[in-house]
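Trainee: let's see this in three dimensions:
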Amino acid sequence: MKIMLSILGEGRGHLTQAIAVKDMVERAGHQVTNVVLGMGANRQVPAFFSSVMKMPITRIPTVDFSYKDNRKVNLPATLAGIVRKIPTYWRVVKTLKAVVRENRPDVIVNFFEPLTGIYALTCRSRPPVVGVAHQFMYGHPDYVRAPGMRLQQLGMKFFVRMVGAGSTRVALSLYEAPDLPGKRLTVCPPILRRQLFELQPEPNGNFVLVYLLNHGYAEQIITWHEKNPRTVLHCFYDKPGAPPESRHDDTLTFHALEGEKFLRMMAECKYVACTAGFESLGEAAYLSKPLFLVPVENHVEQQINAIDAVRAGLGVADTGFNLDRLAELPERLDNARYRDWLKRADSILLETLERVVHGIHGEPQHVLNLDAGASKVV
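Mentor: As a prediction, this is how the structure comes out:
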């Protein structure tokens, strides 16, 4: 198969999933033809991602959140920005059509990039699209429900349906749950990078690893640290222009986001304190590292992630980085059942890709118009 990857570039999660899938499909003898990356104007393409992809990356503007103080989701500004950029979004959909015509993939794997979802919904002659994201668990009868935030949850459910419309959906989950064939939904374990499985966790780590989706939370880390200077903290964040490493003092160091370094230090640490991104949850659980979670304010997805992780016994959650609560965490997580579930990720995803490309009985599913005078069956 020739596979195009389309990725939402907010945070680490979708980026590292795409890295893992690229490795997975290439080991199975398939080819990644091209990469599309949807990012807001204030985000930068992380070096760890571009260095692993080793191919040109088509960057597109996409639907993204607006933040207040580089920390809290600003819902009015987010909605106003979406409305203002609608003409831009339609131009991006046209760009996606041109990219597909040029690269001729057999299937598009969409890591929750919303304009690729609109492309799948509005373009009839195209290759099949497989959406991969933990957000597709929303609405599954076995998934958690969040108290409050009713309006945000309704908006999130609508957004998830839009991104997955016209697609076969692979819902990533921390635990097993039944597939929903009638809704074209397959439940799959978290898709984690192969480097993670090569690490040996340090059972007696002597520092806390911190990951911040938004660098505005760094102020909370510094405030807590000044009252607790004996606790060693290593904090990774995505701050524009930040140096690779910045020592605040002897026991607090800030690091620019770098994939392999972050994973290595996760294996070496005692606890993980982070905003509630799904990928960090899955990685820490594999390494048996208890989690202290602070979902981004007004970010309903992260609120639900935190509830799901606490229900699964992975740690505790709070509204701010009050690291005093690390004392509530166990020394290690019991993750044997979770590790067994993770072993099925490759087979579930590869079988899904083959099924949508060839059809259940081997029949082709789509005709892709390549130009005015020719077509290709995929």
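
Trainee: all the helices of the stretch 151-300 of the chain, residue numbers only.
Mentor: Using DSSP state H, counting those that start in this stretch, the helices of the stretch 151-300 of the chain run over residues 194-197, 218-227, 259-268, 278-286, 300-311.

Trainee: mind putting these into CSV with mean neighbour count, mean pLDDT and distance to Ser246?
Mentor: Bear in mind the C-beta positions are built from the backbone N, C-alpha and C, glycine included. Listed next are the helices of the stretch 151-300 of the chain as CSV, based on neighbours: other Cβ atoms under 10 Å; pLDDT from 0 to 100; distance: least, Cβ to Cβ, whole Å:
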stretch, mean neighbour count, mean pLDDT, distance to Ser246
helix 194-197, 14, 92, 25
helix 218-227, 16, 95, 10
helix 259-268, 18, 93, 14
helix 278-286, 25, 94, 21
helix 300-311, 22, 93, 25
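
Trainee: and the ones you listed: which comes nearest Ala171?
Mentor: Ala171 lies closest, by Cβ to Cβ, to one member of these: helix 278-286, at 11.1 Å.

Trainee: got the contact list for the closest one?
Mentor: 11-14, 16-17, 134, 172, 174, 190, 192, 196-197, 211, 263, 266, 272, 274, 290-291, 293, 305, 309, 312, 314, 333, 335, 338-339, 342 (Cβ atoms under 8 Å, 6 or more residues apart in numbering).

Trainee: with just CA atoms, put it into PDB.
Mentor: The C-alpha atoms that make up helix 278-286 are tabulated as PDB, following Å, rounded to 0.1, in the frame of the first residue of the first chain:
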ATOM      1  CA  PHE A 278      -3.300  10.800  25.700                       C
ATOM      2  CA  GLU A 279       0.100   9.900  24.500                       C
ATOM      3  CA  SER A 280       1.800  10.800  27.700                       C
ATOM      4  CA  LEU A 281      -0.700   8.600  29.600                       C
ATOM      5  CA  GLY A 282       0.000   5.600  27.400                       C
ATOM      6  CA  GLU A 283       3.800   6.000  27.600                       C
ATOM      7  CA  ALA A 284       3.900   6.400  31.300                       C
ATOM      8  CA  ALA A 285       1.500   3.500  31.900                       C
ATOM      9  CA  TYR A 286       3.800   1.200  29.800                       C
END
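
Trainee: next, the angle helix 259-268 makes with that helix.
Mentor: Using axes from the mean of the first three to the mean of the last three Cα atoms, to 10 degrees, the direction of helix 278-286 lies 40 degrees away from that of helix 259-268.

Trainee: give me the distance between helix 278-286 and the centre of its chain.
Mentor: Centroid separation between helix 278-286 and its chain, computed with Cα atoms, centre = their mean, to the nearest Å, is 11 Å.

Trainee: any idea of the angle it forms with helix 300-311?
Mentor: Using the same axes, to 10 degrees: helix 278-286 against helix 300-311 is 10 degrees.
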